[in-house]
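Visitor: fold the following.
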Amino acid sequence: MHAIRLCRAFTGKSKLLKIEGNFHGYHDQVMFGIGTPADRLGPETAPTAWPGSTGMAPGLAEQLIFVPYNRPDLLAAAIKRHAHELAAVLCEPIYFNAGCIRPNPEFLQVMREETRRHGIVLFFDEVLAAFRTCAGGAQEYLGVTPDICTLGKAVGGGYPLSVFGGRRDIMERLMPEGDCQHSGTYNAHPVVVAAGIAAIRAYREPGFYDHIHAVGSRLYAGMNRIFQAHGVPGRVEGLGARFGVYFGDVGSLQSYRDVVGHDRAMMLRFVKAAIEHGVYFHDYGGGPCHHGFCAAMTLSDVDQVLERLDRAVATLK
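Guide: Model (predicted):
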């Protein structure tokens with residue numbers, strides 16, 4: 001919320017280009033185009049600004065332009081058409097809120113080049129992506145540096161901390177140096193900041209991400225083998241410490257439209273069976289769920305998880 005206001009202050013423009021399905025928090029300005037029902041999506045050239053909740057003030061959706069994930073052609077056209085009124089392009093650089101959908105290189109290239117060309121702020125929401133693949137987050141992993149980004153969850157090492165930052169000339173617009181308001185009751189709470197600093201130090205330790213990727217590789221491959229062995233239409237896609245589990249025909253996993261029709265009934269059966277066998281998964285009540293593991297998980301833990309899931313998935317046939 002604060003970062004969006006800063007983008008508007010810096011550019012003097014008000015509209016936002018939002019990627020269909022990407023989630024950026026529970027404030028009214030961005031709670032559109034998330035969890036849109038399959039029969040309400042609209043055409044890819046003009047996705048529906050579906051409200052994510054009741055109680056939304058009228059007119060907010062008029063400040064948003066939507067483009068499907070991984071469509072560089074539609075992205076370039078939308079930026080060109082609305083450049084004069086766009087303050088920022090918002091994006092989950094790795095689309096973890098839909099489980100795990102990776103951006104294609106052309107999509108990222110168009111996003112970076114076109115925003116720079118038209119003086120639009122490129123805004124990466126790394127609340128889910130940061131520190132999952134490497135210490136520099138998705139932007140380091142993907143090789144694309146945004147103008148501003150938000151961090152959450154892992155940045156606090158388990159404590160409630162959120163952070164945003166970006167280019168110096170943009171950040172200088174914040175009070176007290178600039179004219180854009182930013183304040184908060186719990187800002188820079190020393191206990192939470194100490195936890196965040198400790199977490200960052202841990203992420204920089206040699207071998208930290210070697211372990212993360214080794215755990216992830218064994219877990220994801222093992223789960224896919226289990227689904228295949230038991231003839232269950234399940235699929236795991238993961239990157240670093242986060243992953244999604246999909247059931248049914250979910251297509252090529254390029255955008256929200258590929259996963260909106262997933263088999264939720266089968267997913268709920270899987271979650272129930274997994275919990276009954278001692279492995280905790282969850283359901284958000286909507287689209288495919290994103291899951292994760294922490295650095296404390298060992299390869300031996302993965303083997304135990306897979307043994308339990310093998311028995312759980314066997315009950316789904």
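
Visitor: so where's the chain uncertain?
Guide: 286 (pLDDT under 70).

Visitor: the lengthiest helix in the chain packs against which elements?
Guide: Using DSSP state H, we find that the single longest helix of the chain is helix 208-229. Judged by 3 or more C-beta pairs under 8 Å, 6 or more residues apart in numbering; DSSP states H and E, the packing partners of helix 208-229 are strand 234-239, strand 242-247, helix 299-314. C-beta here means a position set from N, CA and C on the backbone, and glycine is covered the same way.

Visitor: residues in contact with it: which ones?
Guide: 132-135, 202-203, 233-241, 243, 245, 293, 295, 297-299, 301-303, 305-306, 309-310, 313 (C-beta atoms under 8 Å, 6 or more residues apart in numbering).

Visitor: show me the domain layout of the protein.
Guide: Annotated domains of the chain cover 2-203, 208-314 [automatic domain parsing].

Visitor: at which residues are the strands of the chain located?
Guide: Per DSSP state E, the chain carries strands over the ranges 15-19, 64-67, 86-91, 121-126, 148-151, 163-166, 234-239, 242-247, 290-292.

Visitor: list the neighbouring strands of the last one plus their orientation.
Guide: It stands for strand 290-292. strand 242-247 (antiparallel) (DSSP bridges).

Visitor: related to what we said a few turns ago, among the contacts of helix 208-229, name the buried ones.
Guide: Of the members of the contacts of helix 208-229, the ones counted as buried by neighbours, 16 or more other C-beta atoms under 10 Å, are 132-134, 203, 234-241, 243, 245, 293, 295, 297, 302, 305-306, 309-310, 313.

Visitor: returning to what we had before: distance to residue 109 for the strands of the chain - can I get that in CSV?
Guide: Shown next, in CSV, are the strands of the chain (distance: least, C-beta to C-beta, whole Å):
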stretch, distance to residue 109
strand 15-19, 15
strand 64-67, 15
strand 86-91, 13
strand 121-126, 12
strand 148-151, 18
strand 163-166, 20
strand 234-239, 19
strand 242-247, 24
strand 290-292, 25
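
Visitor: and the gap between residue 182 and residue 5?
Guide: Per C-beta to C-beta, to the nearest Å, residue 182 is found 8 Å from residue 5.

Visitor: right, so of the helices and strands packed on helix 208-229, which gets closest to residue 173?
Guide: strand 242-247 (32.3 Å; C-beta to C-beta).

Visitor: now that closest one against strand 234-239, angle please.
Guide: 160 degrees (axes from the mean of the first three to the mean of the last three C-alpha atoms, to 10 degrees).

Visitor: give me the distance from strand 242-247 to the chain's centre.
Guide: Remark: strand 242-247 is offset 13 Å from the chain centroid, using C-alpha atoms, centre = their mean, to the nearest Å.

Visitor: repeat for stretch 309-317
Guide: Counting by C-alpha atoms, centre = their mean, stretch 309-317 comes out at 29 Å from the chain centroid.

Visitor: can you check stretch 118-131 too?
Guide: 10 Å.

Visitor: quick one: end-to-end length of that stretch, please.
Guide: With C-alpha to C-alpha, to the nearest Å as the measure, stretch 118-131 spans 30 Å from end to end.

Visitor: buried residues in that stretch?
Guide: Going by neighbour count (16+ other C-beta under 10 Å), the buried part of stretch 118-131 is 120-131.
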